[in-house]
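Asks: Predicted model and sequence follow; I will ask about them next.
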Amino acid sequence: MVNSKPVTTLSSFSSAEAVPTAWTRGNAELRDAEVYWLSTVRPDGRPHVTPLLGIWLDGALCFCTGSDERKAKNLADNQRCIVTTGRNTLADGVDIVLEGEAIRVEGGARLRRVADTYESKYGARFTAPEGTWFGLGDAIRGGEALVYEVVPATVFGFEKGAQFSQTRWRFSDDRSG
């Protein structure tokens, strides 16, 4: 899993009096976001970007997809990806850019935790019979939906408001050996 104390640096593109954004803030932004944007690369090198629902669980961003969807096909060829979230405004807030590799999540206990966390986060919009994602929790638990987790290698936080800052959080990934 992710080192809970990343190496934090502040970019020279930040306001003169800016300080690095605390990782606790970046972590909260990743946990609380409702919509994320996933960027992958097609086999021919063209980029692909799509919005998706996701959860921040145990230091990784988890999302699911169908096996025939473009993002699943792209990730089968190249696991490197970028996940972004934030606000489409210059008002107070933090935009987040997470770089990492999307690894398939398999195994009943982990899939159950992912499904339970999805349902806890998205509530009725996620599970209502007339909703877009009706039954997704059961599809995750049953292994019908492909589930991925992106453990961050690097995360950037672009804080906006009175001060603008560009913070980089660099993590170590225990899975890389």
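Replies: Great, that's in hand.

Asks: helices or strands up against the helix or strand bottoming out on mean pLDDT in the chain?
Replies: Among the helical and strand segments of the chain, the one scoring lowest on mean pLDDT, DSSP states H and E is helix 136-141, with a mean of 78. In terms of contacts (3 or more Cβ pairs under 8 Å, 6 or more residues apart in numbering; DSSP states H and E), helix 136-141 is packed against strand 60-65, helix 108-127. Every residue, glycine included, has its C-beta placed from N, CA and C.

Asks: Quick one: mean pLDDT for the shortest one?
Replies: If you average the pLDDT over strand 60-65, you get 96.

Asks: Ok, stretch 117-132 next?
Replies: The predicted model gives stretch 117-132 an average pLDDT of 74.

Asks: ok so, going back, what comes up buried for the following helix or strand past the least confident helix or strand of the chain?
Replies: Counting by DSSP states H and E, the next helix or strand C-terminal to helix 136-141 is strand 146-160. Buried residues in strand 146-160, counted by 16 or more other Cβ atoms under 10 Å: 146-153, 155-160.

Asks: Any regions of the protein where pLDDT drops low?
Replies: Low-confidence regions of the chain, defined by pLDDT under 70, span residues 1-4, 124-128, 130-133, 173-177.

Asks: Nearest residue to the residue sitting nearest the centre point of it in space, please, no chain neighbours.
Replies: The centroid of the chain falls nearest to residue 61 when counting by Cα atoms, centre = their mean (3.8 Å). Distance criterion Cβ to Cβ, 6 or more residues apart in numbering; nearest residue to residue 61, sequence neighbours excluded, is residue 150 at 4.6 Å.

Asks: now that neighbour, which residues is it bridged with?
Replies: Beta-bridge partners recorded for residue 150 (DSSP bridges): residue 61, residue 102.

Asks: wait, isn't it in contact with residue 81?
Replies: Yes. Residue 150 is in contact with residue 81 according to Cβ atoms under 8 Å; the separation is 6.3 Å.
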